[in-house]
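# could you look at this predicted model? Sequence included:
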There are 2 protein chains.
Amino acid sequence: MAKMLEGLKVIDITNNIAGPGAAAMLADHGAEVIHVEKPVWGDDARNYVPQIDGVSSCYMFSNRSKKSLVLDLKDPEAVEVLKKLAADADVFLEANRPGVMKRLGLDYEVIREINPDIIYCSISAFGQTGPKSQVPGYDIIAQAYSGMAYYTGEPGTPPVKNYFAVGDFVAGYNAFGSIMTALYYRAVTGRGQYVDVSLARGLLTMNMCIGDRVSGIPREKTGSHDMHLCPYGIFNGPNGDNVIIGAINVNTWRNLCLAMERPELAGDPRYITNDVRVAHKQEVISIIEDWLGSFATMEEAVERLNRFGVPNMKAYTVDDILSDEHALSQGWIRDIPTPESVKSADSLPGMLGYADFSEGELVLRPAPDLGQHNMEILTGCGLSYEEARRLTEKWLRG
Amino acid sequence: MAKMLEGLKVIDITNNIAGPGAAAMLADHGAEVIHVEKPVWGDDARNYVPQIDGVSSCYMFSNRSKKSLVLDLKDPEAVEVLKKLAADADVFLEANRPGVMKRLGLDYEVIREINPDIIYCSISAFGQTGPKSQVPGYDIIAQAYSGMAYYTGEPGTPPVKNYFAVGDFVAGYNAFGSIMTALYYRAVTGRGQYVDVSLARGLLTMNMCIGDRVSGIPREKTGSHDMHLCPYGIFNGPNGDNVIIGAINVNTWRNLCLAMERPELAGDPRYITNDVRVAHKQEVISIIEDWLGSFATMEEAVERLNRFGVPNMKAYTVDDILSDEHALSQGWIRDIPTPESVKSADSLPGMLGYADFSEGELVLRPAPDLGQHNMEILTGCGLSYEEARRLTEKWLRG
């Protein structure tokens, strides 16, 4: 087992969730990630709620295993420091509004003069070019643009906001994947490059609704049940409880019919295949919900679904997640160590990792306090102790 | 510009959306991707609706630029063919229920004996080990497990199903990112490995709700507005229309106040920072919705929001997306060529790419018809024309 990205150096000039999340994935694999933060407040996410000892959980989870370098991007001395750092960096990741890095004198044209092999990745709402390139990069804007907001929810209701910052996370995953692609290509050819990642594009690519131009049948909201799969959705049961059931292939549909003691339904021409069930969707939903309603509790119904091998799941709350034996036993949820300034807790439960690698072990260090690594990083790129101290004090104060 | 993964060979024994999507991303970059499909029906996604000339749009989009090899995994002759293909493959991707590949004699232990350098990636609902490893891999199960279903939607309402197959897509992105990480590591060290990707874990990692253990304040559903950001949500306006607005920092909040001709609100102690606005969220929402309601049409309100630099977006429908100048001009939506058997249309609008690379060009070929490349692939791995023909006919029929 090895730290697969050990030896790589990453400059992470990003904020909030998408960029920091992508850089954290590189840090998980052992890359040295220097998170560049602005004076006084640092990364905006430091100031989100909830907080513990003045540090937000969002910041802690998105910046695990990184170093923090506080500096003022508008200060020419800071620009010089970043150029020195970029000279032997492998990845330069930024998530400012398109055009800002050029104004600061830190765009790809400048950085590649210093280091032609670097992978320079920009994350933005709508990419670096085109009519929407200056639209700001909020997650919810990407949810709206992609069609996710419009099509989610019950028919006749307004658009729905996803509770998760799914546009941010997907952009982070895409930035990570594209940086790894560029690093692979560099390992093979020696060539660095520029990569342009967009929140809006990441979610838009998930919009299979586009395919309906094929049929000429317009998409519509279908609420808690799928448009093209049946039974596949959220079903009401006893005591206001509900359960997610998906039983769309021959075996799982038959299993559900047996669980309901309605074996004849499995061979009924109205219900025999997914396509005909979709045409009789309301009937299928009613049959299932009537059956669920016949139990005193949802637990009893679920026990029977499980016994008959019918795919089902409760809509988990945070309590369910944090006590889930699977997530805990597999290391999906771990005790994430807290930054030094957090005295009230040594660690907090959080997620780590998106995959398990037989050759790769994950790193897990606490997120840094603001400017915690300034002296180490600044003296490491050739500044004297006094210079490093002067600049750090200037930049911490703002 | 180059095809960055040209020369790599990928065996894609997956189905539906997650695995085929990950393999398609490798094909986009020029890898040779052999999509292994089962007799008669092929990939389940071929049979989804909507269809054109009997081919589903879902299949076409998730399998662009691949080759199709139809075979029966239960046939020992097919297992031998796959072992021959694996001998010089770079990536082996499968998405069967954990344990199935071992029963077929095609698990990592077998394949790495043949090819020690291979990257073998498995995608499943809950990963290869642990108490939930046998839970089947529907997207909606991952939505439920991650907490996304529970926390999305208005307070007091049941869980909400996301219209997008977000669990599938995120698993695909994570499989792609982890395969690229493993390919990078192999390029550096020469070592292959096994990678274990899960739909449930991919979405669970997005659940920032976990952080609320920090504060002791339980999460709740907050509907169309964020729990911790304000104003940040979906706002009602004239004629039943709505608009997404995010104006959470100093500048954008001030811009919104100016747009509303309420400059005094920007400095009002009840509204001056995001945190205090969150504490007065219903008031802020009412102020904004009253103002929006004063316009004859939402278009007029949006025109004013844009003029004042307030981040906003309509919840796009498919019509909006397919006519969006940005997506079209940036190549996010392209004419995807149709498979040979589709005679009614040469191409259909679809998404291509998740990022732009300065060094990398994307490949775009049609998805294959079922078994279209059997003869090429089988004779290519040493079978005689007659043998290839015999096996293809056997496997096409099933």
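That came through fine.

# quick one: secondary structure of A:R112?
Using DSSP: H, G, I helix; E, B strand; the rest coil, the structure places A:R112 in helix.

# surely it meets A:I118?
Yes - taking contacts as C-beta atoms under 8 Å, A:R112 lies within contact range of A:I118: 6.2 Å. Any C-beta I mention is one placed from the backbone N, CA and C, and that applies to glycine too.

# OK, contacts around A:E37?
Residues counted as contacts of A:E37 (C-beta atoms under 8 Å, 6 or more residues apart in numbering or on different chains) are A:D43, A:R46, A:S68, A:L69, A:V70, A:L71, A:L370, A:G371.

# the fourth one: helix or strand, and which one exactly?
Translated: A:L69. strand A:67-70 (DSSP states H and E).

# give me the number of residues near the residue in the stretch 151-300 of chain A that chain B sits nearest to?
Nearest to chain B, among the residues of the stretch 151-300 of chain A, is A:G211, at 2.8 Å (C-beta to the nearest C-beta). By other C-beta atoms under 10 Å in any protein chain shown, the residues close to A:G211 number 25.

# can you pull out the helices in the stretch 151-300 of chain A?
In the stretch 151-300 of chain A, the helices defined using DSSP state H, counting those that start in this stretch lie at A:166-189, A:199-204, A:250-259, A:263-267, A:274-279, A:281-293, A:298-307.

# ranking those by mean pLDDT, which is last?
Lowest mean pLDDT within these: helix A:274-279, at a mean of 92.

# what's the helix or strand where A:L391 lies in contact with?
Using DSSP H and E, A:L391 sits in helix A:385-397. Residues from elsewhere that reach helix A:385-397, judged by C-beta under 8 Å, 6+ apart: A:39-40, A:70-72, A:75, A:77-78, A:81, A:370-371, A:374-375, A:378-379, A:383.

# and which of the residues you listed is nearest to A:Y354?
Among the contacts of helix A:385-397, A:L370 lies closest to A:Y354 (C-beta to C-beta), at 26.9 Å.

# hang on, that closest one packs against A:G42?
Yes - assessed by C-beta under 8 Å, A:L370 is found in contact with A:G42 at 4.2 Å.

# give the residues shared as contacts by the two.
By C-beta under 8 Å, 6+ apart, A:L370 and A:G42 have these common neighbours: A:S68, A:V70.

# can you read off the pLDDT for A:M208?
83.

# run a quick neighbour tally on it.
With neighbours defined by other C-beta under 10 Å, the count for A:M208 comes to 26.

# can you tell me the closest non-neighbouring residue to it?
Among residues not flanking A:M208 along the chain, B:C58 sits closest, at 6.0 Å (C-beta to C-beta, 6 or more residues apart in numbering or on different chains).

# go ahead and confirm that neighbour touches B:G21.
No - using C-beta under 8 Å, B:C58 is not in contact with B:G21; the gap is 10.2 Å.

# so who does the residue nearest the centre of chain A touch?
By C-alpha atoms, centre = their mean, chain A has its centre lying nearest to A:F169, at 2.2 Å. Listed by C-beta under 8 Å, 6+ apart, the contact partners of A:F169 are A:I17, A:A18, A:G21, B:V170, B:T205, B:M206.

# A:E300 now?
With contact set as C-beta under 8 Å, 6+ apart, A:E300 has no partners.

# where along the stretch 51-200 of chain A do the strands fall?
Secondary structure of the stretch 51-200 of chain A, counting by DSSP state E, counting those that start in this stretch: strands at A:51-52, A:55-56, A:67-70, A:91-94, A:119-124, A:193-198.

# just to revisit the earlier point, ok, the contacts of A:F169 vs B:S347, which is closest?
Of those, the one sitting nearest to B:S347 (C-beta to C-beta) turns out to be B:V170, at 27.7 Å.

# how near is the closest residue to the closest one other than its chain neighbours to A:D335?
Closest residue to B:V170 apart from its sequence neighbours, by C-beta to C-beta, 6+ apart: B:G202 at 4.0 Å. As judged by C-beta to C-beta, to the nearest Å, B:G202 and A:D335 stand 21 Å apart.

# which one of the two is surrounded by more residues?
Taking neighbours as other C-beta under 10 Å, B:G202 and A:D335 compare with B:G202 leading, 28 against 13.

# any idea how far the more buried one lies from A:V79?
37 Å.

# again with A:A22
A:A22 is 23 Å from A:V79, where distance means C-beta to C-beta.

# A:Y185 now?
Distance, A:Y185 to A:V79, using C-beta to C-beta: 28 Å.

# who touches the residue nearest to A:T222 when sequence neighbours are not counted in this structure?
Spatially, and ignoring its direct neighbours in sequence, A:T222 is nearest to A:P155 (7.0 Å; C-beta to C-beta, 6+ apart). Counting by C-beta under 8 Å, 6+ apart, A:P155 touches A:E220, A:K221, A:T222, A:G223.

# thinking again about what came up before, now the contacts of A:E37 in CSV, with distance to B:I234 and pLDDT?
Formatted as CSV, the contacts of A:E37 follow (distance: C-beta to C-beta, whole Å; pLDDT from 0 to 100):
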residue, distance to B:I234, pLDDT
A:D43, 27, 95
A:R46, 27, 91
A:S68, 35, 98
A:L69, 37, 98
A:V70, 36, 98
A:L71, 37, 97
A:L370, 34, 97
A:G371, 38, 97
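
# which residues does A:D12 bridge with?
For A:D12, the beta-bridge partners are A:H35, A:L93 (DSSP bridges).

# quick one: pLDDT of it?
A:D12 is assigned 98 on the pLDDT scale.

# I figured it hits A:K67, correct?
No - here A:D12 lies out of contact with A:K67, judged by C-beta under 8 Å, at a distance of 9.3 Å.

# out of those two, which sits in the more crowded spot?
Set A:D12 next to A:K67 and count neighbours by other C-beta under 10 Å: A:D12 wins out with 29 against 22.

# would you mind measuring from the more buried one to A:F61?
A:D12 sits 15 Å away from A:F61 when distances are taken as C-beta to C-beta.

# smallest gap between the stretch 1-150 of chain A and chain B, at which residue?
Closest approach between the stretch 1-150 of chain A and chain B, counting by C-beta to the nearest C-beta: A:S57, at 2.8 Å.

# ok, now which ones touch the nearest residue to that residue once chain neighbours are set aside?
Among residues not flanking A:S57 along the chain, B:G211 sits closest, at 2.8 Å (C-beta to C-beta, 6+ apart). By C-beta under 8 Å, 6+ apart, the contact list for B:G211 reads A:P50, A:S56, A:S57, A:C58, A:M60, A:F61, A:L348, A:G350.
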